[in-house]
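A.B. asks: based on what follows, work out the 3D shape:
(one chain, ligands or ions: 1)
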Amino acid sequence: MSDPLARLIGELSRLPSIGPKTATRIAHYVLKAPPAEARALAEALLEVKEKLFHCSLCNVITAADPCRFCADERRDRSRICVVEEPFNIEPIERTGEYLGLYHVLLGALSPHRGIGPDRLAIPALLTRLDGIVEVIVATNPNVEGEATALYLARLLKPRGITVTRLAFGMPVGGDIEYTDEVTLGRSLAGRREM
Ligand SMILES: [Zn+2]
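C.D. replies: As a prediction, the model looks like this:
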């Protein structure tokens, strides 16, 4: 049986962006915290695993199936916004600019990591195209996200669906001289008439 403190540090170290130093700091914090606080943390961890799951239609994380987006009749059912991960949806919702449906791929295409179209929720997307006029591809602006966007465009355009991609450009408050050429290139390509 391993030392309980070492075990906690080990488990915390597995979390994304938590290194051994941070894990040690959190473990010692928990050690000093009142038992009720530690129990609340442990229960919260278990609760997300017990009560939440992926929506059977769009893969959003939800406690009810279908999720609040799929179930909401007021949303625009002619548009689907495709994202890589469930946590990509909240920032888009916060803009207040989008009222359509979502579809979470649960990843992005990556030939060198062996992730092909069959490993993503692309077949499920194809079953949802009835009445869809536009698919907005909001995958990340990196190699995998771009490859996924191109693949989806090739797949969906022949079905008469308009495929659009988020315009990635300069951050607000940014300087042209400090903007990398990929970002600046995307800004140019995505320019709009004034
Ligand atoms: Zn859903």
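
A.B. asks: contacts, neighbours, all on C-alpha from now
C.D. replies: Noted.

A.B. asks: residues contacting the residue most central in space within the chain?
C.D. replies: Residue closest to the average C-alpha location in the chain (CA atoms, centre = their mean): Glu85, at 2.3 Å. If you count contacts by CA atoms under 8 Å, 6 or more residues apart in numbering, Glu85 has them with Val104, Leu105, Leu106, Gly107.

A.B. asks: one more: Val182?
C.D. replies: Residues touching Val182, when contacts are defined by CA under 8 Å, 6+ apart, are absent altogether.

A.B. asks: coming back round to it: tell me the one of the contacts of Glu85 nearest the ion?
C.D. replies: Each of those was checked against the ion using CA to the ion; the closest is Val104, at 8.9 Å.

A.B. asks: how about that closest one, phi and psi?
C.D. replies: Listed backbone geometry of Val104 is phi -100, psi 120, with angles given as degrees, to the nearest 10.

A.B. asks: that one contacts Leu57, correct?
C.D. replies: No: Val104 is beyond contact range of Leu57, at 9.4 Å (criterion: CA atoms under 8 Å).

A.B. asks: who has more neighbours out of those two?
C.D. replies: Val104 (28 against 17; other CA atoms under 10 Å).

A.B. asks: and Asp130, what element?
C.D. replies: With secondary structure defined by DSSP states H and E, Asp130 is part of neither a helix nor a strand.

A.B. asks: state the distance from it to Val83.
C.D. replies: Between Asp130 and Val83 the distance is 19 Å, computed by CA to CA, to the nearest Å.

A.B. asks: in terms of neighbours, single out the busier of the two.
C.D. replies: When Asp130 and Val83 are compared for neighbours, Val83 comes out ahead with 25 against 9, by other CA under 10 Å.

A.B. asks: what does the pLDDT read for that one?
C.D. replies: For Val83, the pLDDT comes out at 97.

A.B. asks: residues in a beta bridge with it, which ones?
C.D. replies: Beta-bridge partners for Val83, by DSSP bridges, are Val104.

A.B. asks: can you list the domains in this protein?
C.D. replies: Structural domains of the chain, as assigned by automatic domain parsing, span the residue ranges 4-51, 74-165.

A.B. asks: now do the last one: distance from first to last residue.
C.D. replies: Meaning domain 74-165. 24 Å.

A.B. asks: report whether it contacts the ion.
C.D. replies: No: counting by CA under 5 Å from the ion, the ion is not contacted by domain 74-165; separation bottoms out at 7.1 Å.

A.B. asks: strands along the protein, start to end?
C.D. replies: Assigned strands in the chain, in chain order: 53-54, 61-62, 76-83, 100-104, 134-137, 162-165 (criterion: DSSP state E).
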